[in-house]
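1. give me coordinates for this.
(chains A and B, ligands or ions: 2)
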Amino acid sequence: MRVFMSLLKLNLNLNFGISDLKYRFTKEKKKRWEPVLVVLGVIIGFVPLIVFYSIFLNGVFSVGLTLNQPELVLVIAFLSGQLVVFVFGIFYIMSTFYFSKDLNALIPLPLKPYQVLGSKMVVVMVNEYITLLPILLPSVIIFGTRTGQGFLYWIKALLLILASPVIPLVLDALLVLVLMRFINLRRSKDLLSVVVGLLGMFIGLGINFIVRRIPKGNEQEFLRNILTSQSGMIKLISQRFPPSLWATLGLSRQGLEGAGYLALFIVVSILLFLVLIWLGNKIFYKGVLSGQEIVRKKKAFSTEEANRKYGKFSTPVLAILRREWMLLLRTPVYFLNGLVGVIIGPFILVFMFFTGNQSSELDQLISVLQNESLSVYVTLGGLGLALFTAGMNVAASTAVSREGKTFWIAKMIPVPPKQQVMGKYINGFSVSEIGVLLTAILLAAFLKISIVKTLVIIILGTLGAMLLSVLNLLIDVLHPKLVWNNPTEAMKQNMNGLLGMLISMLVLFILAGITILMLIKGLSEWLIYIVLGAVMCIASIISFKGLFAVAERQYMKIEV
Amino acid sequence: MINIKGVSKSYNKSGIKAVDNLNFHVRPGEIFGFLGPNGAGKTTTIKMIVGLLNPDEGSITIKGFDNQKQPIEAKRNIGYVPDNPEVYDRITGIEYLNFLGDVYQVPPDIRKERIRYFLEMFDLTDAASDLIKSYSHGMKQKIIITGALLHDPALWVLDEPMVGLDPKSSHLLKELMRKHCEKGNTVFFSTHILEVAEKLCDRIGIIHKGKLIAIGTMEELRKGDNIESLENIFLELTEQ
Ligand SMILES: Nc1ncnc2c1ncn2[C@@H]1O[C@H](COP(=O)(O)OP(=O)(O)OP(=O)(O)O)[C@@H](O)[C@H]1O
Ligand SMILES: [Mg+2]
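-> Ligands and ions are numbered 1, 2, ... in the order given. Alright, predicted model coming up:
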């Protein structure tokens, strides 16, 4: 147990960079404001979301009350929370269990596989609380205060929240363990992680599709329906996944019944965890070890091939651009989050806005939107969506961070930082541009937008994507996260990605503000487009100057 | 070739100096061995020479170029091999070398010839089209060495280059170093292997607790006393 605790402490320390923070605050005495600023930024970004969510939940509670089922709000929260953990957990567990570099250091130590596995599992769990708390807490608080619960309720709530990630994560972990052990994945580990990631995205799309089926305007009616009808969605899902129901009943029922459900939930969690530990002890290392091999071509290349390969010659910027693309395409995490996201994103957006089960309504909407007098709004709205996809992309906002321990190469090569960030910029921009083009084309197809207006969306979208990519890259150049052990940390657990999205949103808000002003002033349609284009161009040029200046300074200043 | 003037460096503002007021030259045509106990400041000095770290005080010039004020010119003249080989995992050896060939603007013909030569020499021809991820420690080291020498820089800076190399490769590397210097170029390297330093180096510097405590040819270090081995000198000097 002592060994396990110290291993766990080490893992948590690494995960949250505690020693690094301590060092920064006590020894280095510089840049102390940075972590503080990041936390503030996140809070400012997420508070509105949580407020909206809470208002929604409050409505759900009221509906539940009229149906004499006030615990509806709890079912929804626990179910969606555990579902989210389950879906995103698969990929997360796979990367921490099998792809992190520290495993090579841990395996030779006199540790039992279950100790390593257990400590990694707990770290994943602790991370999931960050996702779960905003989902669960509002509903628990709404239910608790509006039904006037006593002290015991809050104790039970605490226990349930603490235990809530266990069941979905253990299920994920068991799945992953068995997959990695019994299927021969040596050759296709990268492929597998791409497939799993894609699966996650499709599940996301599916959920989206279901949510879309909720008719607009009469949500209350809809909720009432699904709750009362025999095949109600929530009922159906909670039957398939009873733990959410146990958690709900454990919280909402009084006395012994409540305690019983609570106990059931916790005991099942513990039992599942033990099963994982037991199984992990048997097969975890085997899976890890078989996964270490990398496919090697056996043959040496032919002279002809060699001639072709040595013979190419290009400029430094192009060489850097090519390197960026190779690494982006070949590292599964980068590929999924950088590229696949920007391809699937537009589809999700279009589905979200334009699918429903009443196709007649949709047709009506489309014919209304085709009205000439509305076309300016459609074009501007489309532009907004295109830029939204571009802005959500993290290829640019993690471009320097992704170099990690290889950043010394960037410092050694005689290529001015300006040119190096230019290579990265072209890479990040082209990824965003894919999103812009896809969104524009999909929208044009769905809403039957004219070719001229589609071109307007594409041209303005391109200018906007240029601007957003510079700003995103600028964020990463200012403060790259170069210390990481597995690529997930560089891309998904990187604050710069989040900051980049926030900045993109801010820019979109400002552009929207300018546009609304111009619409109110009654400027002509084409003048509005021209002004928007000009604003984005000028802002891009200024930001480029800033980016280059910052890059020159930062590449010199960053020590490795 | 290298001119170090009053260079100091500490890692955190309050901390002790990892390198303390270094002053020395390394001349063209010279193999310079840099010795010192663990934590003496060798890697720190080397990283400042190549521009990975910025000195707190003092200046360093490479072939007359101040590496802070004219970094690009200085870098063109340096081939650097770090003490631990970290390279892009997911590109192949040949892709890595071509990348470097492009960023250093090595003309295609020359590039082709040099890559062939080094790959053949280091026995890497077969592995060159595999991802670097699949390389052993020594193979990574050799691909980095190849990359560092591809543009035929006048100054080689190698941080413990023999570590992890098999006897044949390390022999070949020593030959390369000697040939390079015979052409009037310079090699600056750190090592813990005193025999190598003794046999290979024209001059030796010993650093201890951030300070340069001895510098000169073997003769000069012996101070005329012919019997003393470098090991004895080293142990004596770094005693306290
Ligand atoms: N990144 C760092 N942060 C803080 N201190 C450091 C860092 N790197 C080195 N040091 C300190 O600087 C001093 C010199 O370290 P350096 O790596 O230059 O030694 P070295 O001579 O190369 O040793 P070795 O023979 O072990 O490679 C040591 O006291 C070390 O603790
Ligand atoms: Mg060292």
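2. show me where chain B has its strands.
-> Assigned by DSSP state E, chain B shows strands spanning B:2-10, B:17-26, B:31-35, B:57-62, B:65-66, B:78-81, B:155-159, B:186-190, B:203-208, B:211-216.
3. give the buried residues for stretch A:1-11.
-> When neighbours are counted by 16 or more other CB atoms under 10 Å in any protein chain shown, the buried residues of stretch A:1-11 are found to be A:4, A:7-8, A:11. Where you see a C-beta, it was placed from the backbone N, CA and C, and this is true even at glycine.
4. same question for stretch A:409-423.
-> Buried residues in stretch A:409-423, counting neighbours by 16+ other CB under 10 Å, are found at A:409-417, A:419-423.
5. closest to chain B among the buried residues of stretch A:1-11?
-> Relative to chain B, the closest of the buried residues of stretch A:1-11 is residue A:11; by CB to the nearest CB it sits at 22.6 Å.
6. isn't that closest one up against residue A:120?
-> Yes: with contact defined as CB atoms under 8 Å, residue A:11 reaches residue A:120; the gap is 6.5 Å.
7. just flag the most distant two among the buried residues of stretch A:409-423.
-> When CB to CB is used, the two most widely separated members of the buried residues of stretch A:409-423 are A:412 and A:422, lying 18.1 Å apart.
8. which residue does chain B have closest to chain A?
-> Closest contact between chain B and chain A, by CB to the nearest CB, is at residue B:102 (3.4 Å).
9. which residues are in contact with residue A:409?
-> A:403, B:87-88 (CB atoms under 8 Å, 6 or more residues apart in numbering or on different chains).
10. let me know the pLDDT of it.
-> Per-residue pLDDT puts residue A:409 at 96.
11. what about it, which SS state?
-> Under DSSP: H, G, I helix; E, B strand; the rest coil, residue A:409 falls in the helix class.
12. returning to what we had before: as CSV, the buried residues of stretch A:1-11 with distance to residue A:102 and secondary structure would be great.
-> Output for the buried residues of stretch A:1-11, formatted as CSV (distance: CB to CB, whole Å; DSSP: H, G, I helix; E, B strand; the rest coil):
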residue, distance to residue A:102, secondary structure
A:4, 16, helix
A:7, 11, helix
A:8, 13, helix
A:11, 8, helix
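13. CSV please, covering those residues and showing pLDDT and distance to residue B:152.
-> Compiled in CSV, the buried residues of stretch A:1-11 are given as follows (pLDDT from 0 to 100; distance: CB to CB, whole Å):
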residue, pLDDT, distance to residue B:152
A:4, 77, 54
A:7, 79, 49
A:8, 80, 52
A:11, 76, 46
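14. for ligand 1, find the nearest of the strands of chain B.
-> Comparing the strands of chain B by their distance to ligand 1 (CB to the nearest ligand atom), the top pick is strand B:17-26, with 3.3 Å.
15. list the buried ones in the closest one?
-> By neighbour count, and taking 16+ other CB under 10 Å as the criterion, the buried residues in strand B:17-26 are B:17-20, B:22, B:24, B:26.
16. quick check, nearest of these to residue A:173?
-> When the buried residues of strand B:17-26 are ranked by distance to residue A:173 (CB to CB), residue B:18 comes first, at 43.6 Å.
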